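A.B. asks: Okay, predicted coordinates and the sequence, questions at the end:
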Amino acid sequence: MSTRLLYFAWVKEKIGVAAEEVDIPSHVTTVAELMTWLKTRGPEFDHAFARSEVIKAAIDQAHVRHDAAIGAAREIAFFPPVTGG
Amino acid sequence: MIRVQQEDFDIGAEIVRLKAGRSGIGAIVAFVGTVRDQAGDVEEMALEHYPGMTEAELQRIEAEACARWQLQSCLIVHRTGTLRPSDNIVLVVTASEHREAAFRSAEFLMDYLKTRAPFWKRESGPQGSRWVEADSRDVAASSRWNKHAAE
């Protein structure tokens, strides 16, 4: 089953795409593992996730920590710390 | 109530609407965040957001405020798109019977919004453009509300 990945702000700029449908390998079970796997998909991903500890994630439009399980997520987003308001 | 929009907002009109039919209101607090020019460094500010999650997160933040304080009404309006110095960015209005709940909940809403609502600012000026970095003071301001939280 494919999962929709979304990228925002400088994460999006570094990767060069805003959204994509991806088949996540079955051994990737957490957000942290997903970032590690994404880094192997090309230099732009390696660059975007170089400081993965500062990147925030959301599963199905709710904030999650890096140790969160991906489970049956339909949509996973990666973005810098928010700066609205 | 929450709204995400490109258009500007009219604070007076919003307060009139919020008061309509709610004669139990005795205190209204309004906060407006605006674009700073930072001594000429900022000529334009672009606000990106995560459609869908933004609305969901603002609703969660509003629900949290309503759970903590007795509010008669509550409004969050946040703008997106390209803004210029002095333009309005965000409006928070809280209404309660007495002023303490309105003051405190307005501050809480802004603190939570700043650290949780998925918006990102990009400033442009004579020096080029850059993504605004998160301010650790906002994280500290937001976490002080956790002291008595159930989570």
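C.D. replies: Arrived safely, thanks for sending. Only a predicted model underlies this, so the values are computations on that prediction, with no experimental measurement involved. Numbering: from 1, shown residues only, chains lettered A, B, ... in the order given.
A.B. asks: and the residue of chain B found nearest chain A, how many residues sit next to it?
C.D. replies: Chain B approaches chain A most closely through B:Phe119 (2.7 Å), counting by C-beta to the nearest C-beta. C-beta: built from backbone N, CA, C; applies to glycine. Using other C-beta atoms under 10 Å in any protein chain shown, B:Phe119 is surrounded by 28 other residues.
A.B. asks: Over to the one 4 residues further on?
C.D. replies: The local packing count at B:Glu123 equals 21, with neighbours defined by other C-beta under 10 Å.
A.B. asks: Go ahead and confirm it touches B:Val42.
C.D. replies: Yes. At 4.8 Å, B:Glu123 and B:Val42 qualify as touching, with contact defined as C-beta atoms under 8 Å.
A.B. asks: show me what contacts the residue of chain B closest to chain A?
C.D. replies: A:82-85, B:47-49, B:54, B:78, B:80 (C-beta atoms under 8 Å, 6 or more residues apart in numbering or on different chains).
A.B. asks: Spatially nearest residue to whatever residue of chain A ends up closest to chain B (excluding sequence neighbours)?
C.D. replies: Nearest residue of chain A to chain B, counting by C-beta to the nearest C-beta: A:Gly84, 2.7 Å away. Leaving aside its chain neighbours, A:Gly84 sits nearest to B:Phe119 (2.7 Å; criterion: C-beta to C-beta, 6 or more residues apart in numbering or on different chains).
A.B. asks: Now tell me what touches the host helix or strand of B:Gln59 from outside.
C.D. replies: Taking DSSP states H and E as the criterion, B:Gln59 maps to helix B:53-68. Helix B:53-68 is contacted by residues A:58, A:61-63, A:77, B:1-2, B:4, B:71, B:74, B:76, B:78, B:94, B:105, B:108-109, B:112-113, B:116-119 when judged by C-beta under 8 Å, 6+ apart.
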